[in-house]
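Engineer: sharing a sequence plus its predicted fold:
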Amino acid sequence: MSSTRTPKNKRWLGLLSALTALALLVIVLCLPYTRAAAQQGEPERPVYVVQEGDALWVIAQRFGVSLDDLVQLNAIQDPNQVPVGTRLLIPGLEGVSGELVTQAVPYGENLRSLSRRYKIESELLGRLNHLSSPAELYAGYSLVLPQSSATITDTGRVIMGADQSLLELSVLRGVNPWQFVRDNALAGTWQALPGDVLLTSAAGSGPGGLPEDIQAVEIDGLPLLQGKTTAIRLSGSGDMSLSGRLLDRPVNIFKDSSSTYTAIHGVHALMESGLYPLTLSGTLSDGTLFTYTQNVPLQTVDYPYDQPLTVNPTTIDPAVTRPEDAQWNALTDTATPDKLWVGKFRLPSPLDEAYCLETNECWTSMYGNRRSYNGGPYNSFHTGLDIAGGSGTRIYAPAAGVVVFAGPLTVRGNATVIDHGWGVYTAYMHQSDFKVKVGDRVEAGEVIGIVGGTGRVEGPHLHWEVWAGGVQVDPLDWLKRVYP
């Protein structure tokens, strides 16, 4: 019996060994394939969740990537149909993971302050936002952040004095100098420089690049627009002396309450689009000096081109226009400290204001229209609003103010200028008669003159100008909303 069963057992044992060897071979062969597959897999990438109102091209622009790359990476069939809640992989940010969000950069934050406040290294913040220079973080810039870091740490701020060391500052503030080092990601106490705004663990809020006395900066209506008025508001603690500069002109800042400072500034109608520095300077309540500069964006407005106008050649002769322009500009160059107007301006005409604003049928020429005279180039613009109305029509003050000019001019004809305070002026041209004189205080609705056809005109009408910060701006805006 045993002699006949042994060969059979051996055959089974051999078969079992062969199967085992085959299984091991399969496992061994699969292992390198698995590793290769893992190595060839997609790199780690961040994700953005599509929000209500998002468009794919806007998302691509926001993250600084091409639309084609975004479509290809996410295998999108129809770029015009991306549902809310879709999780999009963002190309060009390999090695960064997690969900991304975007926030507008407020004025007063720079790369250093944002890095400190969001606890993100400057290098990573630069990669996420494709920054080649810190200057690219203009006010209103759409900043990309990991969602886990998107909450600003509530901190206080203190500015380093010109001749101050971090140790001296620490003693004055009662803060351990190494706490400053830790809170501001400094390499050591020596890295804090004069004029630097440092964060502290003490409770506080406000723009991280500005001193603690300034709690908020609001720029009304970013981006800036050609021919428009912008209001800049600062809130802060203590008495500060503030000034500024924007678009090559001084920014006149006035204190209008115990904690609020306001400036009214105009954008020239021919100013080119781009980024322009807004500089704020001043003296804080403790005597500390500060200066801060950050770019703000400016966009063009599609103003129409008027038909070429034919006028008396004398009224476009540079020998006449240049001295008159210099005289005219000088009238509006001073910003008086008392704000005299209240609320919206009124239409300086007996026409129905509501009807005029609704239909735009009361204006014979709008502000900003590009102008050509006597066949010349379109190198000027209409500096005001032409309001319909024949000779003899009354002209009314749109708001309270003080008359600073009332007299005849070659180009502008019989003209009146009213100072409303804070660098805001209104002007009235081509009058047939004056009803006020220099020095008169006028109230809203008071008759100040009579419509005529004097100066450079093709017929009788009222040319009405509004000036803000030494620049003519669109008068219609002042009829539609309250400044500041």
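Structural biologist: Done, it's in.
Engineer: any idea of the pLDDT on the residue nearest to the spatial centre of the chain?
Structural biologist: With distances taken as Cα atoms, centre = their mean, L222 lies nearest the centre of the chain, 3.5 Å away. With respect to pLDDT, L222 scores 89.
Engineer: part of a helix, is it?
Structural biologist: No - assigned with DSSP: H, G, I helix; E, B strand; the rest coil, L222 falls outside any helix and is coil.
Engineer: buried residues in whichever strand or helix holds R182, which are they?
Structural biologist: Here R182 is covered by helix 177-183, with elements defined by DSSP states H and E. Residues of helix 177-183 classed as buried: 177, 180-181, 183 (neighbour count, 16 or more other Cβ atoms under 10 Å). For the C-beta atoms, the positions are set from N, CA and C on the backbone; glycine is no exception.
Engineer: quick one: mean pLDDT for it?
Structural biologist: 76.
Engineer: from T230, how far out is the closest residue to the residue nearest to the centre of the chain other than its chain neighbours?
Structural biologist: Closest residue to L222 apart from its sequence neighbours, by Cβ to Cβ, 6 or more residues apart in numbering: G140 at 4.3 Å. To T230, G140 is 12 Å away according to Cβ to Cβ, to the nearest Å.
Engineer: of the two, who's got more company?
Structural biologist: T230 (27 against 17; other Cβ atoms under 10 Å).
Engineer: ok, the more buried one touching P223?
Structural biologist: No - T230 is beyond contact range of P223, at 9.8 Å (criterion: Cβ atoms under 8 Å).
Engineer: which neighbours do those two share?
Structural biologist: Common contacts of T230 and P223, defined by Cβ atoms under 8 Å, 6 or more residues apart in numbering, are absent altogether.
Engineer: related to what we said a few turns ago, how about the contacts made by the residue nearest to the centre of the chain?
Structural biologist: Taking Cβ under 8 Å, 6+ apart as the test, what L222 contacts is 139-140, 296-297.
Engineer: follow-up on the earlier one: could I get the pLDDT score of the residue nearest to L222?
Structural biologist: So, for G140, pLDDT stands at 92.
Engineer: could you report the distance from it to L225?
Structural biologist: For G140, the distance to L225 - Cβ to Cβ - is 13 Å.
Engineer: ditto for V404
Structural biologist: Using Cβ to Cβ, which is the criterion applied here, V404 is 28 Å from L225.
Engineer: check V144 too.
Structural biologist: Taking Cβ to Cβ, one finds V144 at 26 Å from L225.
Engineer: can you check E94 too?
Structural biologist: Distance from E94 to L225, by Cβ to Cβ: 38 Å.
Engineer: comparing those two, which residue is more hemmed in?
Structural biologist: L225 (20 against 13).
Engineer: residues touching the more buried one, list them.
Structural biologist: 267, 298-301.
Engineer: tell me the buried residues within those residues.
Structural biologist: Buried among the contacts of L225 (16+ other Cβ under 10 Å): 267, 298.
Engineer: ok, which stretches of the stretch 251-400 of the chain are helices?
Structural biologist: 318-331, 353-359 (DSSP state H, counting those that start in this stretch).
Engineer: got a markdown table for those helices, with distance to R127 too?
Structural biologist: Shown next, in a markdown table, are the helices of the stretch 251-400 of the chain (distance: least, Cβ to Cβ, whole Å):
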| stretch | distance to R127 |
| --- | --- |
| helix 318-331 | 47 |
| helix 353-359 | 49 |
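Engineer: of the contacts of L222, which is the nearest to V417?
Structural biologist: V296 (29.2 Å; Cβ to Cβ).
Engineer: neighbours of that closest one, just the number please.
Structural biologist: 21.
Engineer: who's it bridged to?
Structural biologist: Y276 (DSSP bridges).
Engineer: I'd say it and Y276 touch.
Structural biologist: Yes - counting by Cβ under 8 Å, V296 does reach Y276; the two are 6.1 Å apart.
Engineer: quick one: common contacting residues for those two?
Structural biologist: 224, 246.
Engineer: how about TSV for the buried residues of helix 177-183, with distance to R370 added?
Structural biologist: Shown next, in TSV, are the buried residues of helix 177-183 (distance: Cβ to Cβ, whole Å):
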residue	distance to R370
P177	60
F180	55
V181	57
D183	53
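Engineer: out of the residues you listed, which is nearest to R87?
Structural biologist: Using Cβ to Cβ, these come closest to R87 at D183, 34.4 Å.
Engineer: how about the nearest residue to the closest one, chain neighbours excluded?
Structural biologist: Using Cβ to Cβ, 6+ apart, the closest residue to D183 is L199 (5.0 Å).
Engineer: show me the contacts for that neighbour.
Structural biologist: 113, 116-117, 153, 155-157, 183-184, 208.
Engineer: so it is in which element?
Structural biologist: strand 197-200.
Engineer: distance from that strand to the middle of the chain?
Structural biologist: Chain-centre distance of strand 197-200: 24 Å, with Cα atoms, centre = their mean, to the nearest Å.
Engineer: low-confidence stretches in this structure?
Structural biologist: 1-43, 149-155, 201-205 (pLDDT under 70).
Engineer: quick one, domains of it?
Structural biologist: 47-149, 154-204, 216-302, 313-480 (automatic domain parsing).
Engineer: how far does the second one sit from its chain's centre?
Structural biologist: To tie it back to what came earlier, the one meant is domain 154-204. 29 Å.
Engineer: and for Q72, the neighbour number?
Structural biologist: Neighbour tally, Q72, other Cβ under 10 Å: 11.
Engineer: just checking, it is part of a strand?
Structural biologist: No - under the criterion used here (three-state DSSP), Q72 is helix, not part of a strand.
Engineer: how much space between the residue nearest to the centre of the chain and F290?
Structural biologist: 22 Å.
Engineer: now T102
Structural biologist: 29 Å.
Engineer: which stretches of the stretch 51-200 of the chain form strands?
Structural biologist: 87-89, 99-104, 142-146, 156-159, 197-200 (DSSP state E, counting those that start in this stretch).
Engineer: for T314, find the nearest of the ones you listed.
Structural biologist: strand 99-104 (51.0 Å).
Engineer: buried sites along the closest one?
Structural biologist: For strand 99-104, using 16+ other Cβ under 10 Å, the buried residues are 100, 102.
Engineer: in its sheet, what does it sit against?
Structural biologist: strand 47-49 (parallel), strand 142-146 (antiparallel).
Engineer: looking at the strands of the stretch 51-200 of the chain, which is closest to A468?
Structural biologist: Closest among these, using Cβ to Cβ: strand 99-104, at 24.5 Å.
Engineer: contacts for that closest one, please.
Structural biologist: By Cβ under 8 Å, 6+ apart, strand 99-104 touches 46-49, 62-63, 90, 128, 140-148, 150.
Engineer: returning to what we had before: pipe the contacts of L222 into CSV and attach distance to P79 per row.
Structural biologist: Shown next, in CSV, are the contacts of L222 (distance: Cβ to Cβ, whole Å):
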residue, distance to P79
A139, 30
G140, 26
V296, 32
P297, 26
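Engineer: V342: which of those residues is nearest?
Structural biologist: V296 (28.3 Å).
Engineer: residue contacts, that closest one?
Structural biologist: Contacts of V296 (Cβ under 8 Å, 6+ apart): 107, 138-140, 219, 222-224, 246, 275-278.
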